[in-house]
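1. pasting the sequence and the predicted model now:
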There are 2 protein chains.
Amino acid sequence: MHKVRFVVKGIRNLEFIARDQENLLEAARRAGIMIDSPCSGNVSCGKCKVKITEGQVKTTESRYVSVEEAAQGIVLSCNSSIIEDIEVEVPDIASSFVNEMQITDLSVNENKNITYVRKKLIGQGMTNASRLWSEVIQLPPPTLEDSISDEDRLRLYFKVHLGYKNISICLDVIRKLPDALRAKDFQIEVIYLKRGDEAEILDIKPANEEKTVLYGIALDIGTTSVSACLVDMNTNEIVTKSSLGNAQVKYGADVINRIVYSQKPGGLENLRRAIVDETINTLIEKIALNMSISTEDIYEVCAAGNTTMNHLLLGINPDYLRREPFIPVINNIPEMKCSEIGIKINPEGKIYLAPSVASYVGGDITAGVFAVPTWIRDDYTMLVDLGTNGEIVFGNKDFLMTCACSAGPAFEGGEISCGTRAVPGAIEEVFINDGDYRPFYNTIGHTIPIGICGSGIIDLICEMKRTGMIDGKGRMDRNLNNPRVRFDEYGIGQYYLYSKELDNASKDIYITEIDIDSFIKAKGAVFSAIYILMESLEMPIDVLQNIYVAGGIGTNLVIENAIALGMLPDIPVEKYYYIGNSSMQGCYLALTLSEGKDKIKEISKNMTYMELSVHPKYMDEFIAACFIPHTNLDLFPSLKKK
Amino acid sequence: MHKVRFVVKGIRNLEFIARDQENLLEAARRAGIMIDSPCSGNVSCGKCKVKITEGQVKTTESRYVSVEEAAQGIVLSCNSSIIEDIEVEVPDIASSFVNEMQITDLSVNENKNITYVRKKLIGQGMTNASRLWSEVIQLPPPTLEDSISDEDRLRLYFKVHLGYKNISICLDVIRKLPDALRAKDFQIEVIYLKRGDEAEILDIKPANEEKTVLYGIALDIGTTSVSACLVDMNTNEIVTKSSLGNAQVKYGADVINRIVYSQKPGGLENLRRAIVDETINTLIEKIALNMSISTEDIYEVCAAGNTTMNHLLLGINPDYLRREPFIPVINNIPEMKCSEIGIKINPEGKIYLAPSVASYVGGDITAGVFAVPTWIRDDYTMLVDLGTNGEIVFGNKDFLMTCACSAGPAFEGGEISCGTRAVPGAIEEVFINDGDYRPFYNTIGHTIPIGICGSGIIDLICEMKRTGMIDGKGRMDRNLNNPRVRFDEYGIGQYYLYSKELDNASKDIYITEIDIDSFIKAKGAVFSAIYILMESLEMPIDVLQNIYVAGGIGTNLVIENAIALGMLPDIPVEKYYYIGNSSMQGCYLALTLSEGKDKIKEISKNMTYMELSVHPKYMDEFIAACFIPHTNLDLFPSLKKK
């Protein structure tokens, strides 16, 4: 056993007893110290660097740690084992991670979409109200002649005066009933869910001067981050929005790595706790604290996550999702009490999870389709959701086809040397000067750059291609006299956007040929998925009346650049809408329209899933698409003209 | 603060820090030491005697402690306060209490009743099977072409192959599903509840050589004791029976004292824990251990208790039950998961509680009526349940009238100097010699007598009246030369059944004039309730075709004696049936007949409750009935003749 002292700079120190030869990343996880490790400890991302400040670890060389860094004691924690007492300096990713991320959810553009869709759905006959109601009622106090039980008295009122046929009241409410009734002489406030002629009573209080303000939460459970909107259920107004990194990140950046981790002893429970306690509950508490409301006043959560997230949230073994024939344990999750799965709102509060369609088409997509809404249109539209997974839905009111591809975390800045999530300081827009290859860029929040996010990477690679710095394979031109390009000891090219040497910067921000290759694979996966889907239906691309692009790639995504890279189909730019977080929009709509939740279920049942991973042509198409813009330029007629 | 050392003879010692001036009974309760205290600390029963063996307490004289006892350091713990460090010797009631009590439940007579009623109910169209089923099924393993979720696959099988319309599967079963399916190549055993065309799946396992034996429990939750039958749900056979004292006894013998205690801080939770953890779970564990089965294999509990027991079991404030206008919080308790209320059987196992009708007519009575069964007969019958409360149900298939009276614990040996519950050693039958007033008696188990139980008290008083030892008011004849009668310093007469002096006994067993008075009040309460009920319907007693006497009064109840005392109506003895625990019989029948539970609910809805405590004539009738046999002998024509 060895003593390991973790020093999270300026935040906290922690002493931990590790086993001899224990992997340093594993030990950190056991100690609850968060180290960024998108590849989940496979020595393939280089993000889990730490600095050994006392003692030594056993480590091996890797291309992610420079000689200079190694001399300072910097190692990859996933690549090091503990052989004696050590002190380890850990970068404070935990607190930046817990910090608010850029809220792309329901920004101005998105609100416009919501308002438009909401109107349309109400036009289609949906009720302009949520299921959550509150009523102040006066019951007749009991007498010797009228001595029915308190519960029957309440039930009778709901039947006779409010017209409900079935009334359910759970044990916790029954426990409150006798004293609540007698506090204000049988005048009470009842909070309940309306479901047709059924009423489910969630809470009961002695009547007050003012009615309780009831809240609901629309929750988008992403692989990388989790966002929430607090909604005033009386007015349907969004009161506030907030988001937080998904704390499962410490166990792997993408769903596959997390599924692998879930198979280790205690792994599934760690993942469940990470999403429920460390992420969702922390986020809800933060919102409640900021708005000075009680979490007891939140009665409903309407949530969407991909199929893996749903499994992990519920503590269900996700292993068969990643094994052929890729079978989810459950797609349609029944509505539950939040308390049943450990989410802390009102103890009787409900959680609705948008249903999945398949292992890789989850509730985020069915909720997203609800918000587009492809499913009520005559003409053909497509939804492309660019997350860690890419999902595509195509169709109209008569049919919906869907498929998914593994894009990897590149669109969200993952597995890119200087990639970052869309947080303040992320480079989100890039231009390159023609003559001298000098970069110009904007960062989120207009602060000092800390890395490059999805939309920034698209711009950057597009500009590098345009200025001739790279070829169609993403290889840098070795003959250019470009002061911002360097080649490392392995011969890998790096282009510096921000440099210690040239810009007197405090850190280097660059993109490598390996990064560009990662990105090309990601965009190739998305484009070939779209292509195969349309081809299998024998439909040309130009039947598409609209393409809705969703995801946390960044609000400043330039569609022209995405087309120029061969990532999205070559149809007129004005047919594209970047709608941001469509899943969150679907959750909000389902929360505030009585029939919304059933409608999403209906949509999910009408969606036909196509499994790409076993499609005979997918691999060929993928390889053809791993080129900028594509090996078959006929697919991009607008680029040909230029 | 003072140190109190409790010595439970031969069982255990415990040191406890008590507050200065703290009541000794309260301190014992806080320390978890069980002291019998039927009157709940009101200095009115004399049962909470303890012996101070070191130090002194502050106590006051009482008629329950003789001068001789006081000299030995014996005090009433409810009447003593702690003023210095003490050692207290506590009688071991806890372990005799935890010991098995006489099992009157479902003895030979009762089995006869069950068999008869069961046949009758099946003749009426009920299904000869419980709702609990197990099925071994082979699902088709998934393929790329057939990639529906595990849950949909199971659901589809139940729809298509078993014909169910609605199938519900809870989260815990879903969590087991993926691995259970794949352990035996999609061959599984499914345990579920059938409710018409609905199936509720409770458990799932990889298929085994042998099917799981499924168990259910019929549970009678009495104020004084709790009894359980373990039932093999495949064969409907009673595998074993057992009972245990209700651990709430330490907080008061009757429901009123417990309701009073429930209003103290922490009181309700203490009562809830006492019944759930200390009684029901202990009893179930004991049964499982004895039969070498796992509590996981018990999937259903069908229980009946009075209205107060139901409230306390669920942790619902019972205070309004005892306050005019006597309102229960809930009568019809929805079926719940046992785990929801802390009862430990299979985590998905269900509990059904027979519904109450009013504050003092509970589920024990509705279940009892189901087992009689008055409700399917054309002629008039009556059910008289003699517990701590006396409940009466009268009617036929067209109507059911019910009322309740507070009989006090006398029928079960409570508040009687040498009274005892029906445990081994209890005197259950008594005869008195005409000439010399010598007593003859039988004890349960034919062992050395320890006290007198209900049926013994009835015999004893009846014999004392017959031999002229007492008059109609229960007063002992002062002029008899009776060596077994003594009068104490207050002039209160005592008749010794078993005496240290006369019989060289190790303890005295006697009955006092105060005890006889208590009993007369109890029998007066029951008889006047029967009288008022019949009178309010303007029906003479002789319309009664049968009277079923139920309760734990003792299997050897002599009906003639009960009539002779004026406790039960004077109709021919052959019209009486002593059926013992009717509530338990109702639970067993409801457990093993699919429609039973709904039928009890229906019965409860058809029962009309009459509140006696506010009836204008009840008090007069009660006073008239507080005489042996009655002040109006016209009501007992058969006694007149003698």
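-> All right, it came through fine.

2. in chain A, where is pLDDT below threshold?
-> A:10-11, A:38, A:92-109, A:641-642 (pLDDT under 70).

3. tell me where the stretch 151-300 of chain A has helices.
-> All helices of the stretch 151-300 of chain A, identified by DSSP state H, counting those that start in this stretch, fall at A:171-183, A:255-262, A:267-273, A:282-291.

4. quick one, which of those helices is nearest to chain B?
-> helix A:171-183 (4.6 Å; C-beta to the nearest C-beta). The C-beta positions use only the backbone N, C-alpha and C, and glycine is treated the same way.

5. got the residues of the stretch 351-500 of chain A near chain B?
-> A:356, A:358 (C-beta under 8 Å from any C-beta of the partner chain).

6. returning to what we had before: make CSV out of the helices of the stretch 151-300 of chain A and add distance to B:Glu87.
-> Shown next, in CSV, are the helices of the stretch 151-300 of chain A (distance: least, C-beta to C-beta, whole Å):
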stretch, distance to B:Glu87
helix A:171-183, 41
helix A:255-262, 58
helix A:267-273, 49
helix A:282-291, 51
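
7. among the ones you listed, which is the most enclosed?
-> Comparing these by mean neighbour count (mean count of other C-beta atoms under 10 Å in any protein chain shown), helix A:255-262 comes out on top with a mean of 23.

8. nearest residue to A:Glu87 other than its sequence neighbours?
-> A:Glu54 (3.7 Å; C-beta to C-beta, 6 or more residues apart in numbering or on different chains).

9. swap in A:Lys241?
-> A:Cys229 (4.9 Å).

10. quick check: that neighbour touching A:Glu237?
-> No: using C-beta atoms under 8 Å as the test, A:Cys229 is too far from A:Glu237 to be in contact (10.1 Å).

11. more crowded one of these two?
-> A:Cys229 (26 against 10; other C-beta atoms under 10 Å in any protein chain shown).

12. count the residues that sit near the residue in the stretch 151-300 of chain A positioned nearest to chain B.
-> Distance from chain B to each residue of the stretch 151-300 of chain A (C-beta to the nearest C-beta) is smallest for A:Glu151, at 4.1 Å. Using other C-beta under 10 Å as the criterion, A:Glu151 is surrounded by 23 other residues.

13. for stretch A:449-457, how far is the first residue from the last?
-> 14 Å (C-alpha to C-alpha, to the nearest Å).

14. which residues sit against that stretch?
-> A:386, A:410-413, A:416, A:418-423, A:425-430, A:441, A:443-444, A:460, A:497-498, A:507, A:509, A:511, A:515, A:519, A:551-558 (C-beta atoms under 8 Å, 6 or more residues apart in numbering or on different chains).

15. sorry, back to before: the residue nearest to the residue of the stretch 151-300 of chain A closest to chain B when sequence neighbours are not counted: what's it in contact with?
-> Leaving aside its sequence neighbours, A:Glu151 sits nearest to B:Ile330 (C-beta to C-beta, 6+ apart; 4.1 Å). By C-beta under 8 Å, 6+ apart, the residues touching B:Ile330 are A:149-151, A:174, A:177, B:310-311, B:314, B:316, B:356.

16. export the residues you listed to TSV and tack on distance to A:Cys78?
-> Below are the contacts of B:Ile330 laid out as TSV (distance: C-beta to C-beta, whole Å):
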residue	distance to A:Cys78
A:Ser149	62
A:Asp150	60
A:Glu151	58
A:Ile174	53
A:Leu177	55
B:Asn310	58
B:His311	58
B:Leu314	52
B:Ile316	54
B:Ser356	63
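
17. nearest to A:Pro616, of those?
-> A:Ile174 (59.7 Å; C-beta to C-beta).

18. does the closest residue to the closest one other than its chain neighbours belong to a helix, a strand or coil?
-> Excluding the flanking residues, the one nearest A:Ile174 by C-beta to C-beta, 6+ apart is B:Ile330, at 5.5 Å. When classified by DSSP: H, G, I helix; E, B strand; the rest coil, B:Ile330 comes out as coil.

19. still on that earlier bit, look up how far B:Lys597 lies from the residue nearest to A:Glu151.
-> 16 Å (C-beta to C-beta, to the nearest Å).

20. kindly report the same for A:Asn581.
-> 48 Å.

21. between these two, who's got more neighbours?
-> Using other C-beta under 10 Å as the criterion, A:Asn581 and B:Lys597 rank with A:Asn581 on top: 33 against 23.

22. quick check: phi and psi on that one?
-> Here is the backbone geometry of A:Asn581 (degrees, to the nearest 10): phi -90, psi 90.

23. so it sits against A:Ala550, correct?
-> Yes: at 6.7 Å, A:Asn581 counts as touching A:Ala550 under the criterion of C-beta under 8 Å.

24. which residues are in contact with the most centrally placed residue in chain A?
-> Central residue of chain A (C-alpha atoms, centre = their mean): A:Gly222, 2.0 Å from the mean position. By C-beta under 8 Å, 6+ apart, the residues touching A:Gly222 are A:246, A:305-306, A:309, A:364, A:387-388, A:552, A:583.

25. repeat that for 10 Å
-> A:243, A:245-246, A:304-306, A:309, A:364, A:387-388, A:412, A:551-552, A:581, A:583-584 (C-beta atoms under 10 Å, 6 or more residues apart in numbering or on different chains).

26. what does A:Ala564 give?
-> Contacts of A:Ala564 by C-beta under 10 Å, 6+ apart are A:458, A:461-463, A:465-466, A:558, A:570, A:628-629, A:636, A:638-639, A:642.

27. type out the PyMOL command that picks the buried ones from these.
-> The following PyMOL line selects those of the contacts of A:Ala564 that are buried, judged by 16 or more other C-beta atoms under 10 Å in any protein chain shown:
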select buried, chain A and resi 458+461+462+463+465+558+570+628+629+636
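
28. could the contacts of A:Ala564 be laid out in a markdown table, adding distance to B:Lys575 and secondary structure?
-> Converted to a markdown table, those look like this (distance: C-beta to C-beta, whole Å; DSSP: H, G, I helix; E, B strand; the rest coil):
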| residue | distance to B:Lys575 | secondary structure |
| --- | --- | --- |
| A:Ile458 | 94 | helix |
| A:Ile461 | 99 | helix |
| A:Cys462 | 100 | helix |
| A:Glu463 | 104 | helix |
| A:Lys465 | 104 | helix |
| A:Arg466 | 106 | helix |
| A:Val558 | 96 | coil |
| A:Asp570 | 97 | coil |
| A:Ile628 | 100 | coil |
| A:Pro629 | 99 | coil |
| A:Phe636 | 99 | coil |
| A:Ser638 | 101 | helix |
| A:Leu639 | 103 | helix |
| A:Lys642 | 107 | coil |
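
29. neighbours around the nearest residue to A:Leu132 once chain neighbours are set aside, how many?
-> Using C-beta to C-beta, 6+ apart and skipping the chain neighbours, the partner closest in space to A:Leu132 is A:Met233 (4.7 Å). Number of residues near A:Met233 (other C-beta under 10 Å) recorded here: 23.

30. so A:Lys205 makes contact with A:Glu189?
-> Yes: using C-beta atoms under 10 Å, A:Lys205 makes contact with A:Glu189 at a distance of 4.8 Å.

31. overlap in contacts, the two.
-> A:134, A:136, A:180, A:211-212.

32. got the residue ranges for the strands in the stretch 1-150 of chain A?
-> Secondary structure of the stretch 1-150 of chain A (DSSP state E, counting those that start in this stretch): strands located at A:2-8, A:12-18, A:49-54, A:57-59, A:74-76, A:80-82, A:86-90, A:132-138.
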